[in-house]
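In: kindly generate the corresponding structure for this input.
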Amino acid sequence: MSMLKTRHKLPEWKLKIASEIRELAEKYPVFLVVDLTGIPAKHIQMLRKKLDKIAVLRVVKPKVALKALGEAGIPVKELEPYMTGQIMLIFTDRNVFEIADIVRNFVTNDYYSPGEIVDKEIVIPEGNTGIPAGPMLSVFGRLKIQTKVQGNVIYVAKDTVVAKPGDKISTDLASLLQKLGLALKEIRVKIKCGRDGHLIIPGDKLVLNIAEYEEMIKTAALDGLKLAVELVIPEPPVLNIVLVKAHRQALALAAEAGFITPETAEYVLRTAQLKALALAVEISKYAPDLGLEVKLPVQQTPTKVEKKEEKKEEEKKEEEQAVSEEALAEGFSALFG
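Out: Okay, here's the model as predicted:
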């Protein structure tokens, strides 16, 4: 019996780590589970430095982590699918989406190794390689890179694509990239999941599209102001827009009804003229024998001064006839701060 207990007793270092993980889980309401498969130690060290003072990072075995988190009251049943392979826990009191965004966008670069699959196009740039002419010329040749030799130094004749997404890195290409100092392999950890309180969030749900959210907020703000205008909410910024709209509608109604005042006479006469011209055009179609000839006003090429005056007049009318989105946005900002 004593032998059985000894066999299943956890090593002291594992017990220490489990105790530390439990304490961190109790202290911090948020943590991420990240995948360290294929991630070099240098990247982890730099990430640790990046997150200094805002997070605590611990590399831990999945089974040890599950045991410790379970003792801290975390729903480990939901965590089990993510606790596989090489993992690291990142504890913090920051918002889970904020810390996930920082971790996901932290990138370091390294050289490709032979046999690795590339996920983006690789281009050898035109220009001086700094490599002496010699055996390396044959490497350039096998990779179908056009070169020339100047002063016993190899020059690339033009930008050359040597690999496309999905291609495997050859030994020649891996060697050439290192000699050219092109560390093009991007290294970043993959977020498996995040925990916020008792909520477990899959890694793919922790992606923030800031531009999309900003656009959604702008659209909601604009729609809110439009609704306030329709309901005539008695607030100064809304009433300013309502009065412009009411003035435009009143002019249109007066013109349609033929109600003449010093302010509406121009609009009434203009509307009547347009209706008369439209009627004459229709009559001339069906009764050409009447010899009714409709002469549309001939537009003369305006001078620069006239153009400026017309432009000002058009801008004025546009302001009176329509409520722009900018005006709505400004009104909404003034209304709701």
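
In: could you grab the helix/strand/coil label for residue 261?
Out: coil (DSSP: H, G, I helix; E, B strand; the rest coil).

In: so what's the closest residue to it other than its chain neighbours up against?
Out: By the measure of C-beta to C-beta, 6 or more residues apart in numbering, the closest residue to residue 261 outside its immediate chain neighbours is residue 254, 7.3 Å from it. Yep, even glycine has a C-beta here, placed from its N, CA and C like the rest. Shown in contact with residue 254 (C-beta atoms under 8 Å, 6 or more residues apart in numbering): 260-261, 264, 267-268.

In: rerun at 7 Å
Out: Contact partners of residue 254, counting by C-beta atoms under 7 Å, 6 or more residues apart in numbering, are 264, 267-268.

In: so which of the residues you listed comes closest to residue 41?
Out: residue 267 (77.9 Å; C-beta to C-beta).

In: okay, now that closest one: neighbour count?
Out: Residue 267: 16 surrounding residues under other C-beta atoms under 10 Å.

In: wait, is it part of a helix?
Out: Yes. Counting by three-state DSSP, residue 267 falls inside a helix.

In: which phi and psi does the nearest residue to it once chain neighbours are set aside have?
Out: Once flanking residues are discounted, residue 267 sits nearest to residue 255: 4.1 Å by C-beta to C-beta, 6+ apart. Main-chain torsions, residue 255, degrees, to the nearest 10: phi -70, psi -40.

In: burial count for residue 255?
Out: 20.

In: one step back: could you say which helix or strand holds the residue nearest to residue 261?
Out: Counting by DSSP states H and E, the element that carries residue 254 is helix 236-257.

In: identify each buried residue in that helix, please.
Out: For helix 236-257, a neighbour-count test (16 or more other C-beta atoms under 10 Å) marks 237-242, 244-245, 248, 251, 254-255 as buried.

In: mind putting those residues in JSON lines, distance to residue 44 included?
Out: Shown next, in JSON lines, are the buried residues of helix 236-257 (distance: C-beta to C-beta, whole Å):
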{"residue": "237", "distance to residue 44": "52"}
{"residue": "238", "distance to residue 44": "55"}
{"residue": "239", "distance to residue 44": "59"}
{"residue": "240", "distance to residue 44": "57"}
{"residue": "241", "distance to residue 44": "56"}
{"residue": "242", "distance to residue 44": "60"}
{"residue": "244", "distance to residue 44": "60"}
{"residue": "245", "distance to residue 44": "60"}
{"residue": "248", "distance to residue 44": "64"}
{"residue": "251", "distance to residue 44": "70"}
{"residue": "254", "distance to residue 44": "75"}
{"residue": "255", "distance to residue 44": "74"}
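
In: for the helix holding residue 254, give the mean pLDDT please.
Out: For helix 236-257, the mean per-residue pLDDT is 81.

In: show me where the stretch 1-150 of the chain has helices.
Out: 2-8, 12-27, 41-50, 62-71, 76-79, 96-104, 136-142 (DSSP state H, counting those that start in this stretch).

In: try the stretch 151-300 of the chain
Out: So, for the stretch 151-300 of the chain - with DSSP H, counting those that start in this stretch - the helices run 171-180, 210-231, 236-257, 265-286.

In: out of these, nearest to residue 31?
Out: helix 210-231 (23.0 Å).

In: so for the closest one, what's the average pLDDT?
Out: Computed over helix 210-231, the mean pLDDT rounds to 87.

In: where's it relative to the chain centroid, distance-wise?
Out: In terms of C-alpha atoms, centre = their mean, to the nearest Å, the centre of helix 210-231 is found 19 Å from the chain centre.

In: by contact count, what packs against it?
Out: helix 236-257, helix 325-336 (3 or more C-beta pairs under 7 Å, 6 or more residues apart in numbering; DSSP states H and E).

In: go through it and flag the buried ones.
Out: For helix 210-231, burial by neighbour count (16+ other C-beta under 10 Å) applies to 221-222, 225-226, 228-229.

In: kindly report the same for stretch 109-129.
Out: 112, 118, 122, 124, 129.

In: quick check: phi and psi on the first one?
Out: For residue 112, the backbone dihedrals are phi -70, psi 140 (criterion: degrees, to the nearest 10).

In: do I have it right that it meets residue 169?
Out: Yes. The criterion here is C-beta atoms under 7 Å, and residue 112 meets it with residue 169 at 4.5 Å.

In: any idea how far residue 84 is from residue 27?
Out: For residue 84, the distance to residue 27 (C-beta to C-beta, to the nearest Å) stands at 25 Å.

In: go on, residue 148?
Out: On the measure of C-beta to C-beta, residue 148 and residue 27 end up 63 Å apart.

In: do residue 204 as well
Out: In terms of C-beta to C-beta, residue 204 sits 27 Å off from residue 27.

In: picking up where we left off before, nearest to residue 44 among the contacts of residue 254?
Out: residue 267 (73.4 Å).
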